[in-house]
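**Student:** Requesting a structural model of the entry that follows:
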Amino acid sequence: MEREILLLGDQRLYAQAEPLRESELAALGPVIQDLHDTLMAFRARTGAGRAIAAPQIGVNKRLIYMHIDRPTVIINPRLSFPSAERMQVWDDCMSLPGLWVKVERFKRAVLNYRDERWLEQRLELEGDLSELLQHEYDHLDGILMTMRAIDEMSFTMLKPERR
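**Tutor:** Next up, the predicted model:
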């Protein structure tokens, strides 16, 4: 079921998400389906959207749903950075529609997590995928892209479409 995406200013977006326990896995199916449906509906409306964090739909758990070439369920992720090399990118977010913020992210990242079967997984990320997962990971820690802006001039708005 498509869920409402929480928007900038909703205090739930600033909360630290709770880790999932293996005992909660059996009840996770509906939340994963809601994340999928919400992401796909957003993508159908806007043409954008590659991943969504559970806190964005009001579920305060360390869970990310990514769908690029296939669905990927990311439970209790841990990020590490193999090098200090960074990049500047214009970041956007479903919780801040129309706003773009210039942020600095690590160019490479390693993501360790559990999948929906509770198996340990590891992804080595680079470039836009590294940026994407750092953005979603921030949501789990209550950090929005506005809090990572390079400076006070690092904001731009898309022009609203005329209807």
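**Student:** give me the element Leu111 is part of.
**Tutor:** strand 108-114 (DSSP states H and E).
**Student:** helices and strands around the longest strand seen in the chain, which ones?
**Tutor:** When the chain is parsed with DSSP state E, its longest strand is strand 71-80. Applying 3 or more C-beta pairs under 8 Å, 6 or more residues apart in numbering; DSSP states H and E, we find strand 71-80 packed against strand 63-67, strand 108-114, helix 128-140. C-betas here are computed from N, CA, C, even on glycine.
**Student:** which non-adjacent residue is nearest Asp37?
**Tutor:** Glu2 (4.7 Å; C-beta to C-beta, 6 or more residues apart in numbering).
**Student:** again, but for Asn60
**Tutor:** Ala17 is the one closest to Asn60 (C-beta to C-beta, 6+ apart), at 5.2 Å.
**Student:** before we move on, the earlier item: avg pLDDT for the longest strand of the chain?
**Tutor:** Mean per-residue pLDDT for strand 71-80: 98.
**Student:** outside of the next helix or strand after that strand, which residues touch it?
**Tutor:** Sequence order places strand 86-91 as the next helix or strand after strand 71-80, per DSSP H and E. The contact list for strand 86-91, computed with C-beta atoms under 8 Å, 6 or more residues apart in numbering, reads 100-107, 127-128, 131, 135, 145, 148, 150, 156.
**Student:** tell me which strands and helices the helix or strand following strand 86-91 is in contact with?
**Tutor:** Where DSSP H and E defines the elements, the next helix or strand beyond strand 86-91 is strand 99-106. Contacts defined by 3+ C-beta pairs under 8 Å, 6+ apart place strand 99-106 against strand 86-91, helix 128-140, strand 155-157.
**Student:** Could you report the pLDDT at the residue nearest the centre of the chain?
**Tutor:** Residue closest to the average C-alpha location in the chain (C-alpha atoms, centre = their mean): Glu136, at 2.3 Å. Looking at Glu136, its pLDDT reads 98.
**Student:** so who does it touch?
**Tutor:** Ala51, Ile52, Ala53, Ile64, Met66, Ile74.
**Student:** Now for the nearest residue to the fourth one once chain neighbours are set aside: which residues touch it?
**Tutor:** What sits nearest to Ile64 in space, not counting adjacent residues and going by C-beta to C-beta, 6+ apart, is Ile74, at 4.0 Å. Ile74 makes contact with Leu63, Ile64, Tyr65, Met66, Leu111, Tyr113, Asp115, Leu133, Glu136, according to C-beta under 8 Å, 6+ apart.
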